[in-house]
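Visitor: Model the following, please.
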Amino acid sequence: MNIVNIMLSGVGGQGILTSGRVLALAALDKGLDVKMSEVHGMSQRGGNVDSHIRIGESVPSSLIPKGGADYLISFELMEGLRYLDYLKPEGRAIISKLKITPLSSNLKKGASYPENIEEMILQKAPKAKLIEAEKIAKELGDIRMVNIILLGAMSKDFTLLEKSNFENAIKQRFSPKVAPLCLKAFERGIENG
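Guide: Down below sits the predicted model:
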């Protein structure tokens with residue numbers, strides 16, 4: 001079995017690290033080896049955050065090289081564009097349509113968020129799936145569900161793990177009070193993947 005590489009990217013507070021842990025728990029539920037590496041920018045104040053997750057029978061290291069990710073899950077458009085270099089040519093990108101103006105853009109006069117960012121993404125990754133994850137999360141009544149929605153979208157064609165592995169991981173990671181909503185969010189992600 002080959003190793004599957006998953007890169008998560010976004011800004012602090014979006015649940016990137018929690019999503020990585022859910023993926024790791026799902027892999028362990030399947031009996032696979034998993035390695036994770038987390039990079040925190042100003043993670044609590046809107047800085048960039050990424051997480052490398054590698055899953056297989058035996059995983060030697062945790063870092064994914066540029067051009068080595070089978071999946072890129074990005075929680076924000078600019079971060080999706082920034083991390084596309086990590087994606088393999090045949091890799092799959094799932095990117096939330098959310099726009100969060102970076103702090104650095106707020107500080108520089110004349111700096112702005114690119115108007116055509118979705119086109120820029122699709123030019124580099126024509127098969128990228130852009131999802132209105134924030135809108136779906138609001139429909140569910142909890143904006144914090146964006147990360148689980150994106151995991152659901154990824155799981156649609158992620159044959160290494162089964163739906164039950166993800167469901168077990170969600171039940172393990174979240175309290176009994178929150179897990180039912182997470183499971184609904186996961187289903188909505190599958191529908192939109």
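
Visitor: low pLDDT regions in this structure?
Guide: 1, 39-46, 102-111 (pLDDT under 70).

Visitor: Helices of that one, start to end?
Guide: In the chain, the helices defined using DSSP state H lie at 16-29, 77-83, 103-107, 117-124, 133-140, 146-155, 163-173, 179-192.

Visitor: Mean neighbour count and distance to G10 added to the ones you listed, as CSV?
Guide: Where you see a C-beta, it was placed from the backbone N, CA and C, and this is true even at glycine. Below are those laid out as CSV (neighbours: other C-beta atoms under 10 Å; distance: least, C-beta to C-beta, whole Å):
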stretch, mean neighbour count, distance to G10
helix 16-29, 22, 5
helix 77-83, 23, 5
helix 103-107, 11, 14
helix 117-124, 15, 14
helix 133-140, 19, 11
helix 146-155, 28, 8
helix 163-173, 18, 18
helix 179-192, 19, 15
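
Visitor: what's the closest of the ones you listed to I53?
Guide: helix 16-29 (4.9 Å; C-beta to C-beta).

Visitor: Contact partners for the residue nearest to the spatial centre of the chain?
Guide: Note on the chain: the residue nearest the mean C-alpha position is I73, at 3.2 Å, using C-alpha atoms, centre = their mean. Counting by C-beta atoms under 8 Å, 6 or more residues apart in numbering, I73 touches 6-9, 19, 93-95, 150-151, 154.

Visitor: about what we covered before: turn the helices of the chain into JSON lines, columns for distance to S37.
Guide: Shown next, in JSON lines, are those (distance: least, C-beta to C-beta, whole Å):
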{"stretch": "helix 16-29", "distance to S37": "9"}
{"stretch": "helix 77-83", "distance to S37": "14"}
{"stretch": "helix 103-107", "distance to S37": "24"}
{"stretch": "helix 117-124", "distance to S37": "24"}
{"stretch": "helix 133-140", "distance to S37": "24"}
{"stretch": "helix 146-155", "distance to S37": "18"}
{"stretch": "helix 163-173", "distance to S37": "19"}
{"stretch": "helix 179-192", "distance to S37": "24"}
